[in-house]
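S.K.: coords please:
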Amino acid sequence: MGDVKIGKQGEVVYQRRYGEQMRRMVSPKRAIASEAQIKHRQIYRDALDWRKGLSRPNRRYLEGYCYANGVVDSYHIPLPWHRFALKLYLEHIHFVLSDVQITEAQESQTKYESYEVAGNAWSNNCGNYINGMTFTPLVAHTLTRWVFKMKRTGTAPPTRLRVYLCDGAHKPTGNELTGVDVDLSGLTTDPGGEWFAVDLPPYPVAQGIEYAATLWPDGGDTYNKTGCRYHSPTPTYPRGMYTYSSNLGVSWTAQPAVDLIFQEWEVVSIPASKEGILHVRHPALLTVVHKRGEATINEYENLSSLDEEYLTEQVGLDVVVGDTIEATTVAGIEAKYQVV
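M.R.: As a prediction, the model looks like this:
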């Protein structure tokens, strides 16, 4: 055999094959595969198994589909059925948002109860005097804003707007239903007064139930007070009347001949929103479910079938921020997307 070598010497390896000597470089050891690599390899093995399980008619359909639709790869090389089958399994589901429109935050305002005449006199809110107006909603809604016609004399005392239920005698009773501290220091001193709006923590008021909105001053006197505009002696608001206390709420007096000038509102904030068209794309979609919170807006099933020989590549959905889209391919791969 002469000087034929076998084995490793330095960085080369000698082998004998069919009586001839071969020489090659030592192959370096491969690095240990990462978790992501192992996962990717398993996905590819699963794709091969899925393709292997396709029936003969499925394969023939995919072959005809590729030919009829000119299916090509990224290099524009026509795909045979077996490579297209791997594409059906391995390709990601794409979610493409287009035609996006953004709306600004705004308020929806509805005025329910009100008495908006000119008025002819002013009440006093100071010291032990509490002024209020009762009202009875015709429609159940959420009370969020109260408006009085008011003015200031001197320094306005700290004041709280409180809402109560009324007893059968048109007088406040029970605990405060909703209320808020009000800064009246910026009120006008003009004799004609001005509309002054107070935003309240939302409270649901019922149809046909009488409530009282009251102003509770903390101090003040004849020279430092606020006043509410009223109409007397022939007021025309039919579902309430003026009520007052001269002893800080120990007792109340209802006066049918007086009505305060007021407005009562439900104000709902509508947040800024983004909406558009979401395109769900894949060579073979099976199902698409469009959810908005707990509600299902759209649900599509059996979009593709290899047995019945049809494939759906795209579904378009009208979406808004917060919507969730769940999609499944014909190979059983799932994906989820949330509109942000």
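S.K.: now the protein, which segments are flagged as low pLDDT?
M.R.: 1-4 (pLDDT under 70).
S.K.: for the helix ranked longest in the chain, packing partners?
M.R.: In the chain, assigned by DSSP state H, the helix with the most residues is helix 35-52. Helices and strands touching helix 35-52, by 3 or more Cβ pairs under 8 Å, 6 or more residues apart in numbering; DSSP states H and E, are helix 81-90. C-beta coordinates here come from the backbone N, C-alpha and C atoms, glycine included.
S.K.: buried ones in the helix it packs on?
M.R.: For helix 81-90, the neighbour count (16 or more other Cβ atoms under 10 Å) marks Trp81, Phe84, Ala85, Leu86, Lys87, Leu88, Tyr89 as buried.
S.K.: and the first one, what does it touch?
M.R.: Spelled out, that is Trp81. Residues in contact with Trp81, defined by Cβ atoms under 8 Å, 6 or more residues apart in numbering, are Arg59, Arg60, Leu62, Glu63, Tyr65, Cys66.
S.K.: let me know the closest of those to Ile102.
M.R.: Tyr65 (39.9 Å; Cβ to Cβ).
S.K.: for that closest one, helix, strand, or coil?
M.R.: Per DSSP: H, G, I helix; E, B strand; the rest coil, the local secondary structure of Tyr65 is helix.
S.K.: Pro57: how many residues sit nearby?
M.R.: Look at Pro57: counted by other Cβ atoms under 10 Å, it has 11 neighbours.
S.K.: look up the closest residue to it, ignoring the ones flanking it.
M.R.: Nearest residue to Pro57 in three dimensions, chain neighbours excluded: Asp307, at 7.5 Å (Cβ to Cβ, 6 or more residues apart in numbering).
S.K.: show me the helices in the stretch 51-200 of the chain, by range?
M.R.: Assigned by DSSP state H, counting those that start in this stretch, the helices in the stretch 51-200 of the chain fall at 56-69, 81-90.
S.K.: now for the longest one, which elements pack on it?
M.R.: Pointing back at helix 56-69 there. Here helix 56-69 touches helix 81-90, going by 3+ Cβ pairs under 8 Å, 6+ apart.
S.K.: report the angle between the helix it packs on and helix 35-52.
M.R.: Using axes from the mean of the first three to the mean of the last three Cα atoms, to 10 degrees, the inter-axis angle of helix 81-90 relative to helix 35-52 is 130 degrees.
S.K.: and helix 81-90 with helix 56-69, angle?
M.R.: Using the same axes, to 10 degrees, helix 81-90 lies at 90 degrees relative to helix 56-69.
S.K.: just checking: what are the partner strands of the host helix or strand of Gly316?
M.R.: Here Gly316 sits within strand 314-320, counting by DSSP states H and E. Partners of strand 314-320 in the sheet, by DSSP bridges, are strand 273-281 (antiparallel).
S.K.: quick one: the longest helix of the chain to chain centroid distance?
M.R.: Helix 35-52 sits 38 Å away from the centroid of its parent chain (Cα atoms, centre = their mean, to the nearest Å).
S.K.: report the buried residues of it.
M.R.: Applying 16+ other Cβ under 10 Å to helix 35-52 flags Ala47, Trp50, Arg51 as buried.
S.K.: check stretch 130-144 too.
M.R.: Buried residues in stretch 130-144, counting neighbours by 16+ other Cβ under 10 Å, are found at Ile130, Asn131, Gly132, Met133, Thr134, Phe135, Thr136, Pro137, His141, Leu143, Thr144.
S.K.: and what of stretch 170-181?
M.R.: His170, Lys171, Pro172, Leu177, Thr178, Gly179.
S.K.: roughly how far out does that stretch sit from the chain middle?
M.R.: 33 Å.
S.K.: related to what we said a few turns ago, show me which of the contacts of Trp81 are buried.
M.R.: Leu62, Glu63, Tyr65, Cys66.
S.K.: can you tell me which two in these are farthest apart?
M.R.: Among the buried ones among the contacts of Trp81, Glu63 and Tyr65 lie farthest apart (Cβ to Cβ), at 7.3 Å.
S.K.: pretty sure Ser108 contacts Arg145?
M.R.: No: assessed by Cβ atoms under 8 Å, Ser108 is found out of contact with Arg145, at 11.9 Å.
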